Each structure stands twice: as C-alpha cells, then as structure tokens.
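Chemist: Structure, please.
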Amino acid sequence: MSNQTRRRFSDEFKEEAVKLITEQGYKVSEASRNLDINASMLRRWQRELSPESDGSIDADEKAELQRLRKENKTLRMEREILKKAAAFFAKESK
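Modeler: Here you go, the predicted structure:
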C-alpha cells in the first residue's frame, strides 16, 4: 500500500474553483485539469456551494422560480404553435 496523504483544500480554494465554472464560463473538465483536481470533486463542490443546496432560497423565491418555469414552458409552447401556423400559412399562400 502507498502512503499517500489526502490533499486538503481550503474553503476559499473551493469557492474560487467553482467560480471558474459559474462566473468565468470554464467547463468542469477544463477547470479541473488546470487546477489538477478530479472533475467529480469539482462537480461535488459546485453542488455543495450552490445556493439551492444550503437552503438559502426562501419560500417566496421558490414560488417565483416555479411560476417563472411554468410561464417559460407556456411561452415555449405558444411560440411553437405560432411557428407551425406561420409555416402553414406560408405554404398555403404559395
């Protein structure tokens, strides 16, 4: 067996690593390779540090998020219907 010691990372390092993904647009694989850490570890840090995981989203924000997702779904369906209608009438007018 090898006597490898487990690497420890500070909370500040973890936060900065996650910011590479969330704020600077790096891919997880790219950021993990640059930081010489495992991609799954970086994904875990991202999950742990996300606002939704620590319960910092209150009930009002959750309700608004749910309402906005529902509205977004409705708008997407309406847009698809309008696309199909426009294509139908464009074909009919030829």
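Chemist: switch to C-alpha atoms for all contacts and neighbour counts from now on
Modeler: Fine.
Chemist: how far does the lengthiest helix in the chain sit from the chain's center?
Modeler: When the chain is parsed with DSSP state H, its longest helix is helix 59-92. Centroid displacement of helix 59-92 relative to its chain, using C-alpha atoms, centre = their mean, to the nearest Å, is 21 Å.
Chemist: pLDDT averaged over it - what is it?
Modeler: In this model, helix 59-92 has a mean pLDDT of 92.
Chemist: Kindly report the same for stretch 29-47.
Modeler: Rounded mean pLDDT across stretch 29-47 is 94.
Chemist: chain center to it, what's the gap?
Modeler: Offset of stretch 29-47 from its chain centre (C-alpha atoms, centre = their mean): 15 Å.
Chemist: neighbours around residue 21, how many?
Modeler: Neighbours of residue 21 under the rule other C-alpha atoms under 10 Å: 19.
Chemist: go on, the one 3 residues further on?
Modeler: In terms of burial, residue 24 registers 9 neighbours under the definition other C-alpha under 10 Å.
Chemist: Spit out the contact partners of the spatially most central residue of the chain.
Modeler: Nearest to the mean C-alpha position of the chain, by C-alpha atoms, centre = their mean, lies residue 22 at 7.8 Å. With contacts defined as C-alpha atoms under 8 Å, 6 or more residues apart in numbering, residue 22 has no neighbours.
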